[in-house]
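Peer 1: Structure of the sequence below:
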Amino acid sequence: MARKHTHIDANLWIQTPLIESRALSEAAGCTVYLKLDNLQPSGSFKSRGIGNYIRRRVQEAEAEAEAEDEGNNDQRKDQRKRKRIHFYAASGGNAGIACVHAARQLGYGATVVVPTTAKAAMVAKIQAMGASAVIQHGANIMEADRFLREEVLASKDADEHGIYVPPFDHLDVWDGNATVMQEIASQLDDRPPDVVLCSVGGGGLLNGIMQELDRRDWGNRVHVVAMETDGADSLNRSIRAGQLVTLDRITSQALSLGVSRVSAKTFQLAQRPNVKSLVLDDRAAKRGCCLLAMHERLMVELTVGVNVAACYGGLLQSVLGASCTVTPETKVVIVVCGGNDVSIELLHSWWLACEDELALALAPAPVRSEGPVCC
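Peer 2: Next comes the predicted model:
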C-alpha cells in the first residue's frame with residue numbers, strides 16, 4: 001500500500017501582494033510597484049526556491065521508499081530501517097532561514113553553516129526558526145559551503161539521509177523563484193511590466209525571473225535591472241571583465257548579497273540585451289531603506305534598499321538608456337526580496353548616517369569613482 005503524501009503540500013511559500021508606491025512613482029517618473037516577498041514565511045523570496053528544492057527532494061525520497069516497499073514482502077519491510085532525512089545548507093541568513101522553515105514544515109530537521117561574518121541577529125533568527133544546529137565557519141559563504149560539504153556532511157550519522165541544499169545554483173531553486181514572476185504577471189492581468197528590478201547575490205532570483213519571462217515569450221518586452229552593492233558586485237565585475245569573476249572578499253554591508261561569484265547561468269543571462277547591471281554603494285542602499293520605511297512603512301534589508309535608491313535622481317533612466325524611455329505609463333516592479341537583515345537599531349543608524357540626503361529625498365545616489373557602475 002502506498003504511503004500518503006499528507007505533508008508534501010504544506011505551504012512552503014505564499015502569494016505575496018503587489019502594491020503601487022505613490023512616493024516611488026513620483027520620484028522615478030513612472031508607475032512603481034512593490035512585490036512584497038519580505039512577507040514570505042521565512043522573511044525573504046528564498047522561501048520559493050529553497051522551498052521548492054526541499055519539496056522536490058522529499059518527493060523523490062518518498063517515491064523511492066514506496067518503490068522499495070512494493071518490491072519487498074511485509075517481513076522485510078519490518079526489518080528494514082529507513083534512513084531519516086535531514087537537510088543541510090550554508091547561508092549568510094536568508095537561505096538558512098528558508099531551509100529550516102521548509103524542512104520543518106515537511107517534518108524534517110535542518111542544519112545550517114553560516115560564515116563568521118554573519119550577524120548575531122541573523123544567527124538567532126535561524127535558531128529561532130527551529131534549526132537542529134547552527135555552525136559558524138569560514139570568512140564567506142563559499143568557505144562555509146565548502147566546510148558543510150567536505151566536513152559536516154561527511155561526518156553525518158550512518159542512519160541519516162543527509163541532503164545538501166544549494167542556496168541559489170540549481171534548476172529546482174530557479175523553478176521555485178520563477179513563481180514570483182508568475183504572480184507578478186497574474187497581478188498585472190497577464191500584461192508584462194516594462195521593467196523589473198531585482199537584487200543579485202548568487203543569481204537565483206534573476207535566473208527564476210528570466211526563466212518565466214522566456215516561458216511567456218516576454219524576453220524582448222521586459223527590461224531587467226540586476227542590482228548590486230559595491231563590494232558585493234560579482235555580476236557587474238564579471239560583465240565588465242567578460243568572464244566570471246570571483247571576489248576576494250565581500251566589503252559591502254549588504255551581507256545577503258555576499259556571494260563571491262554568481263552562477264554561470266546568471267552570467268550567461270546577463271549578456272542578453274534586456275538585462276542591465278547597476279551597482280550603488282551601501283550609503284545609497286541605506287537611504288533607500290529609510291525612504292521605504294518613511295513612505296511605505298516597510299523595514300527592509302540593504303539588498304532591497306539599493307533597488308529603491310535606483311528610483312531617485314534619474315538613475316533608472318540612466319541605466320536603461322535608449323532601450324527604454326521612462327514615462328508616467330512605464331510600469332516598474334521592484335522585488336522586495338527580504339526583511340530579515342534589518343532592525344529598528346540598524347534603520348535608525350542608517351537614518352542618522354544619511355539624514356542630510358534624506359532631507360532632500362531626491363538627491364542622486366553616489367556612485368563609484370573608479371569606473372562605470374552600469375553595463
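Peer 1: tell me how far stretch 201-208 is from the chain's mean position?
Peer 2: 7 Å (C-alpha atoms, centre = their mean, to the nearest Å).
Peer 1: Run through who's touching that stretch.
Peer 2: With contact meaning C-beta atoms under 8 Å, 6 or more residues apart in numbering, stretch 201-208 is reached by 45, 48-49, 167-169, 173-181, 198-200, 224, 226, 232, 235, 256-259, 262-263, 265-267, 269-270, 275, 303, 335, 337. Just so you know, the C-beta spots here come from the backbone N, C-alpha and C atoms, and that holds for glycine as well.
Peer 1: Narrow those residues to those in strands?
Peer 2: 198-199, 224, 226, 275, 335 (DSSP state E).
Peer 1: Switch those over to JSON lines; also include pLDDT.
Peer 2: Formatted as JSON lines, these follow (pLDDT from 0 to 100):
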{"residue": "Cys198", "pLDDT": "98"}
{"residue": "Ser199", "pLDDT": "98"}
{"residue": "Val224", "pLDDT": "98"}
{"residue": "Ala226", "pLDDT": "98"}
{"residue": "Val275", "pLDDT": "98"}
{"residue": "Val335", "pLDDT": "99"}
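Peer 1: Redo these as CSV? Include neighbour count and distance to Leu34.
Peer 2: CSV is the format used below for these (neighbours: other C-beta atoms under 10 Å; distance: C-beta to C-beta, whole Å):
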residue, neighbour count, distance to Leu34
Cys198, 28, 12
Ser199, 28, 13
Val224, 23, 16
Ala226, 30, 18
Val275, 21, 21
Val335, 28, 8
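Peer 1: could those residues go into CSV alongside distance to Asp281?
Peer 2: Formatted as CSV, the ones in strands among the contacts of stretch 201-208 follow (distance: C-beta to C-beta, whole Å):
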residue, distance to Asp281
Cys198, 19
Ser199, 14
Val224, 22
Ala226, 16
Val275, 21
Val335, 21
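Peer 1: Output stretch 250-261 as CSV, restricted to C-alpha atoms.
Peer 2: This file holds the C-alpha atoms of stretch 250-261, laid out as CSV (Å, rounded to 0.1, in the frame of the first residue of the first chain):
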residue,chain,number,x,y,z
ILE,A,250,32.9,40.9,0.5
THR,A,251,33.2,44.5,1.6
SER,A,252,29.6,45.6,1.3
GLN,A,253,27.4,45.7,4.4
ALA,A,254,24.6,44.1,2.4
LEU,A,255,25.7,40.6,3.6
SER,A,256,22.6,39.0,2.0
LEU,A,257,24.3,39.8,-1.4
GLY,A,258,27.6,38.4,-0.1
VAL,A,259,28.3,35.7,-2.7
SER,A,260,31.8,35.8,-4.1
ARG,A,261,30.8,34.5,-7.6
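Peer 1: Return the distance of it from the chain's centre.
Peer 2: 12 Å.
Peer 1: Just the contacts of stretch 201-208: which are in helices?
Peer 2: Within the contacts of stretch 201-208, membership in helices is found for 48-49, 173-181, 235, 265-267, 269, 303, as judged by DSSP state H.
Peer 1: where exactly do the strands run in the protein?
Peer 2: For the chain, applying DSSP E gives strands covering 18-20, 31-36, 84-90, 109-114, 133-136, 160-165, 195-199, 223-229, 275-280, 331-336.
Peer 1: Including distance to Cys99, could these go into CSV?
Peer 2: Formatted as CSV, the strands of the chain follow (distance: least, C-beta to C-beta, whole Å):
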stretch, distance to Cys99
strand 18-20, 26
strand 31-36, 21
strand 84-90, 4
strand 109-114, 5
strand 133-136, 11
strand 160-165, 5
strand 195-199, 19
strand 223-229, 23
strand 275-280, 28
strand 331-336, 20
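Peer 1: Ser25: which of the ones in strands among the contacts of stretch 201-208 is nearest?
Peer 2: Nearest to Ser25 among those: Val335, at 16.5 Å, using C-beta to C-beta.
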